[in-house]
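J.: build me a structure from this.
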Amino acid sequence: MNKLKIALVTINQPSLTAACNLVPYLYDYQVDVFGKKDLTHNLENLNLYDKIDDIMAPAWEGYDAIICILAIGAVVRKIAPFLKDKSSDPAVIVINLKLDKIVPLLSGHLGGANELSDIIASRIPSCQNFVSTATDQTNTLAFEMFAKKNDLEIHNLKELALISNSLLNKKEVEVLTYDSIFQTIPNKENLKLVKEQSSNLCVNITPFDSPLLTFKPKVFLGIGCNRNTTFEEIKNAVFSFLQKHKLKIEQIQNIASYEAKADEVGLLEFAREYNFDIKFFYEAEINALQGNFSTSQATKFFGVKGVSEPSSILVSKYKELIIPKEVYENKITIAGAI
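T.: Numbering: from 1, shown residues only. Presented below is the predicted three-dimensional model:
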């Protein structure tokens, strides 16, 4: 995993001295300190600048977080021209000279400012983190944080404010999703699991497109095939499957099959071509699964409940089948799970 890149911005001798004191607490991050020349410091490297405006643009584009040791008002003025969207703006944090007060100023949730500020405050004795986001202060679910922690792709982000404010105001919000995902939501206060939308206050957690605020989980494919099925045949079948269900190859987290298919050259080549860490499951693992599966030739030949459906469930995160087995060219079976 790449280290978080932090731009640590100073403006005078006191702030540079504070930065020198702060750097040891940022030991597990990639930190670049910016300051003016002819100032005293003990850093191995100091990135010099003449005007602070000169470094804001490259810092905005090249770093995950910007920590400023200067007045909040000055920071607001300097970052204002670069503000775009909460999904892409970096975390911006302000910390005082004594390093005992820290403020996550921008991108508290998706950008990670709140979390980074929490970590820094926990490392510095007597440092207080002044979080201003209402969901954090009231212990209310922040859907964007749930999405971030669970690697859910966010769509229609403009609808998030309505949903968040509704939860803060104790209004019921419908969640259109699968029970397996709903059960993982940490704080379900004022949330209602539904199978059909009946309110404008509704979020959708599904890999499929929706006009609602949507959080897309990754999909896992189970693939079965006849002996000596080629790479091209498997590729064509998978992409036909994706096109039918309006999914993208980037949404597929991994693929799986039955262990008897572990030497299928075409299947292995497909996994290599698309960087999948293909998993193969044994008879005991497949037959231990509860529930009914589509009729499969694998039951006759291998004594297993199936290949594509069981293997998709076994490799998946939430263990829920969402697309039952489909047959392509009478030789390839594909199923999808989340």
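
J.: find the nearest non-adjacent residue to Lys195, please.
T.: Leu176 (7.3 Å; CB to CB, 6 or more residues apart in numbering). The C-beta positions use only the backbone N, C-alpha and C, and glycine is treated the same way.

J.: was I right to think that neighbour contacts Ser198?
T.: No - the criterion here is CB atoms under 8 Å, and Leu176 misses it with Ser198 at 9.8 Å.

J.: higher neighbour count, these two?
T.: Per other CB atoms under 10 Å, whichever of Leu176 and Ser198 has more neighbours is Leu176, with 20 against 10.

J.: contacts only, for the more buried one.
T.: Val194, Lys195, Glu196, Gln197, Cys202, Val203, Asn204, Ile205, Thr206, Ser210, Leu212 (CB atoms under 8 Å, 6 or more residues apart in numbering).

J.: swap in Asn156?
T.: Asn156 touches Ser210, Pro211, Leu212, Leu213, Thr214, counting by CB under 8 Å, 6+ apart.

J.: would you turn these into JSON lines with secondary structure?
T.: Listed next are the contacts of Asn156 as JSON lines, based on DSSP: H, G, I helix; E, B strand; the rest coil:
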{"residue": "Ser210", "secondary structure": "coil"}
{"residue": "Pro211", "secondary structure": "coil"}
{"residue": "Leu212", "secondary structure": "coil"}
{"residue": "Leu213", "secondary structure": "strand"}
{"residue": "Thr214", "secondary structure": "strand"}
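
J.: any idea how many residues pack against Lys248?
T.: Neighbour tally, Lys248, other CB under 10 Å: 12.

J.: I meant Leu22, not that one.
T.: 22.

J.: swap in Tyr25?
T.: Using other CB under 10 Å: Tyr25 sits among 17 other residues.

J.: what's the weakest-modelled helix or strand in the chain?
T.: One helix or strand of the chain scores below all others by mean pLDDT, DSSP states H and E: helix 297-302, with a mean of 65.

J.: let me see the contact set for the residue lying closest to Tyr328 once chain neighbours are set aside.
T.: In space, and not counting its chain neighbours, Tyr328 is closest to Ala237: 3.7 Å by CB to CB, 6+ apart. Neighbour list for Ala237: Tyr328, Glu329, Ile332, Ile334 [criterion: CB under 8 Å, 6+ apart].

J.: Val92: which of these is nearest?
T.: Nearest to Val92 out of the contacts of Ala237 is Ile334 (CB to CB; 44.8 Å).
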